[in-house]
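# Give me coordinates for this.
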Amino acid sequence: MLWRNTNTKIKQKFLKDFQKCIQTSSNILNKLPRDIYQCQFKEYVRDSTYLELERMQQMFIANEYDLNKDDTCSYNCKFPKKSLVSNYRNDDTQCEEILDCKILSSKLEVCALHHQPRRLEWFQDRGVVYGSNNISVCSGEKKKLLTSSWWLHSCDNCICTCKGKKSPKDNNLVTTTISFRDQTSDTKNNMVVVGIKFVHQNNMIHVQIKEGKILPRGKI
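Predicted coordinates for the structure are as follows:
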């Protein structure tokens, strides 16, 4: 009988202490600041302070004759969908689909970039410069694009959107996917998430977490 009374008192004390602990924790958590601080970088560096969905959808310039299966230049860049070439390869990237083609002038000057995430640094059309305003500087190949003739039609320069297609030959130039795979801390060893960043690997952007161990009195 005495043993039972002692056991009951121990249980009651444990429950009382446990409830007090929960209440104390709740009061402390309610007082913690919930402010979100902006972590703006003084300088933005590609692949270091930011990542891009590279060549997911990107503009490119090509001759009208090269973009259609009909071997004609009569469309003025307004191609019927059935006439567009499939798997057209522009520069380093294969296009899974070509969208929104528009006609440009007969004389273009472009700065083409090779084996880089961007295809063009700038181009000049009808005296208007798109991209970098300093056309005297070109990090790639500067060239002039002229229209050609095909029977009674001129083969125009077209600017289109390329929907990038991932391929082993693209050398990781095409990034079209973000991984949302669960990232959890090692709770069994009292680890919590203290940081998060995005990393680029295998044509995909992944979420990566940083862990810290919870120490006595809430320290990490």
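# C-alpha only now, for contacts and for neighbours.
Noted.
# Okay, and the beta partners of E109?
Applying DSSP bridges to E109 yields these beta-bridge partners: Q124, K144.
# Quick check, it in contact with V128.
No. Judged on C-alpha atoms under 8 Å, E109 makes no contact with V128 at a distance of 10.4 Å.
# Now do the strands in this protein.
Per DSSP state E, the chain carries strands over the ranges 57-63, 89-90, 93-103, 107-112, 120-125, 128-131, 141-146, 148-150, 153-155, 157-165, 177-178, 191-201, 204-213.
# May I see these arranged in CSV, with mean pLDDT as well?
As requested, the strands of the chain are exported to CSV (pLDDT from 0 to 100):
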stretch, mean pLDDT
strand 57-63, 86
strand 89-90, 64
strand 93-103, 84
strand 107-112, 88
strand 120-125, 89
strand 128-131, 88
strand 141-146, 86
strand 148-150, 72
strand 153-155, 80
strand 157-165, 85
strand 177-178, 86
strand 191-201, 87
strand 204-213, 91
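# Between those, which one is closest to F41.
Nearest to F41, of all those, is strand 191-201, at 14.0 Å by C-alpha to C-alpha.
# Spatially central residue for the chain, please.
L53 (2.5 Å; C-alpha atoms, centre = their mean).
# need the longest helix for this structure.
Scanning the chain for the helix with the most residues, using DSSP state H, yields helix 2-31.
# mean confidence score for it?
Helix 2-31 shows a mean pLDDT of 80.
# Done for today, thanks.
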